[in-house]
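S.K.: Turn this into a structure:
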Amino acid sequence: MVNYIGRRLLQLIPVLLGMTFVVFMIIRAIPGDPAQVILGQLASKEAVEALRAKLGLDNPWYIQYFEYLGGLFQGNLGESLRTAQPVAQEVWPYLAATFELAFFAILIAVIIGVNAGIISAWFQNSWFDYTAMVLALVGVSMPIFWLGLMEQWIFAIELGWLPTSGREDVRNPISPQTGFYILDTILQGRFDQLGTVLKHLILPGIALATIPMAIIARMTRSSMLEVMRSDYIRTARAKGQKMFWVVYKHALKNAVIPVLTVIGLQMGLLLGGAILTETIFSWPGIGRYVYEAIQFRDYPVIQSGILIIAFIFVMINLIVDILYGLIDPRIKYD
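M.R.: Sure thing, here's the model as predicted:
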């Protein structure tokens, strides 16, 4: 197992290097000059050229790339062209906000999706099975931006139950320590604000969880149906074991591998694809951070944001592969 993990980590190096080059070249193909965007359209040509020289944008692309690569090897993600702040320091609050939202969403998706798939397979062709699969189909097909707007209209504007946007009550702000507001409120003992933070998470979390929930439910049902037809399941039932234990102890353990694969992929997609949800609910996450950087042609922020998301995605896949061996001892990596 240790050798396998070492090999996978070594394989990350060419993958991430190739990704940095592709992202670097694609970003440079975006129309617009960062210096012109920073100074505005009324800036003189001399001022724009001076700023380009100061930022190093007048160098050939390959020099810019190797300078960026050299900084990465030293743990330096560069400085934002817009704020002149180190990206490594500036990016963490946004990354923590996306982590918190994505984990909350995947938690909802896993709890509801897995159990809905299990019950659908348990009571195949029942009214619950048909209803759950129709809802799963609707969930996969429903655009996030439409669902988010409907949530805001119904639960925030019409009913007034939940806030429409943001992570906290601006009238009673949180003093961030870790960047994870749920954890910060607990560490600071401000349990009155914990409820406020959770209320702000509900609407964007549900909107973001809808598609993964539907995919997980369908995959769980399909995998469980295959396992439930196995001989050892029929033997367990013939021995008089309760159906609940047959399903959750024996069947689920052998059906969870493909479900775990889907959960890992969906978690990675949530981290990189939350930009619509973050925009609709004014959630200050990494997707919105990178989107705003694209508008300002802030090359270091865009490159670093995409690199961080790609690294996390690959690491999630590695963790899922390791979990395979822990769940099923028959899987060997040696």
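S.K.: excluding its backbone neighbours, what's nearest L252?
M.R.: Once flanking residues are discounted, L252 sits nearest to I118: 6.6 Å by CB to CB, 6 or more residues apart in numbering. (Each C-beta comes from the backbone N, C-alpha and C, glycine too.)
S.K.: residue contacts, that neighbour?
M.R.: 220-221, 224, 247-248, 252 (CB atoms under 8 Å, 6 or more residues apart in numbering).
S.K.: Tell me the helix or strand right after whatever helix or strand it lives in.
M.R.: Assigned by DSSP states H and E, I118 belongs to helix 92-122. For helix 92-122, the succeeding helix or strand toward the C-terminus, using DSSP H and E, is helix 127-141.
S.K.: Could you work out the end-to-end span of stretch 69-86 for me?
M.R.: 16 Å (CA to CA, to the nearest Å).
S.K.: how about it: buried residues?
M.R.: Residues of stretch 69-86 classed as buried under the neighbour-count rule (16 or more other CB atoms under 10 Å) are 71-72, 77-82.
S.K.: Surely V314 and L12 touch.
M.R.: Yes: using CB atoms under 8 Å, V314 is in contact with L12, at 5.9 Å.
S.K.: Kindly report the domain assignment for this protein.
M.R.: Per the TED database, the structural domains of the chain span 1-74, 87-327.
S.K.: Those domains: lowest mean pLDDT?
M.R.: The minimum mean pLDDT among those belongs to domain 1-74 (a mean of 76).
S.K.: Could you pull out the buried residues of stretch 236-252?
M.R.: 236, 246-247, 250-252.
S.K.: The helix or strand hosting E292 to helix 92-122, inter-axis angle?
M.R.: For E292, the host element (DSSP H and E) is helix 286-295. Put simply, helix 286-295 runs at 130 degrees to helix 92-122, going by axes from the mean of the first three to the mean of the last three CA atoms, to 10 degrees.
S.K.: elements contacting helix 286-295?
M.R.: helix 92-122, helix 275-280, helix 299-327 (3 or more CB pairs under 8 Å, 6 or more residues apart in numbering; DSSP states H and E).
S.K.: and of those, who's closest to I26?
M.R.: The closest of the helices and strands packed on helix 286-295 to I26 is helix 299-327. By CB to CB, the value is 9.3 Å.
S.K.: What residues of the closest one count as buried?
M.R.: Here helix 299-327 shows 299-310, 312-314, 316-318, 320-321, 323 as buried, counting by 16+ other CB under 10 Å.
S.K.: ditto for stretch 7-26
M.R.: For stretch 7-26, the neighbour count (16+ other CB under 10 Å) marks 8, 19-20, 23-24 as buried.
S.K.: Which residues are in contact with A102?
M.R.: 208, 267, 270-271, 274.
S.K.: among these, who's most crowded?
M.R.: Highest neighbour count within the contacts of A102: L208, with 29 neighbours (other CB atoms under 10 Å).
S.K.: Now that residue. Its backbone dihedrals?
M.R.: phi -70, psi -30 (degrees, to the nearest 10).
S.K.: Could you say which helix or strand holds the residue nearest the centre of the chain?
M.R.: Per CA atoms, centre = their mean, the C-alpha nearest to the average position across the chain is that of L271, at 1.6 Å. Using DSSP H and E, L271 maps to helix 252-272.
S.K.: hmm, back to that, including distance to L201, could the helices and strands packed on helix 286-295 go into CSV?
M.R.: Formatted as CSV, these follow (distance: least, CB to CB, whole Å):
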stretch, distance to L201
helix 92-122, 5
helix 275-280, 11
helix 299-327, 20
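S.K.: Among these, which comes closest to S230?
M.R.: Relative to S230, the nearest member of the helices and strands packed on helix 286-295 by CB to CB is helix 92-122, separated by 12.5 Å.
S.K.: Please name the residues that touch the spatially closest residue to V290 that is not a sequence neighbour.
M.R.: Spatially, and ignoring its direct neighbours in sequence, V290 is nearest to G305 (3.9 Å; CB to CB, 6+ apart). Contact analysis of G305 by CB under 8 Å, 6+ apart lists 91, 286, 289-290, 293.
S.K.: Out of those residues, flag the one nearest to D58.
M.R.: Out of the contacts of G305, the member with the shortest distance to D58 (by CB to CB) is A293, at 20.7 Å.
S.K.: where's the closest residue in space to that closest one that isn't next to it in sequence relative to P86, distance?
M.R.: Excluding the flanking residues, the one nearest A293 by CB to CB, 6+ apart is V301, at 3.8 Å. Going from V301 to P86 by CB to CB, to the nearest Å gives 11 Å.
S.K.: Now list whatever residues contact both of the two.
M.R.: S80.
S.K.: Was I right to think the residue nearest to A293 contacts S80?
M.R.: Yes: with contact defined as CB under 8 Å, V301 and S80 form a contacting pair (5.2 Å).
S.K.: Now list whatever residues contact both of the two.
M.R.: Joint contacts of V301 and S80 (CB under 8 Å, 6+ apart) are 87, 90, 293.
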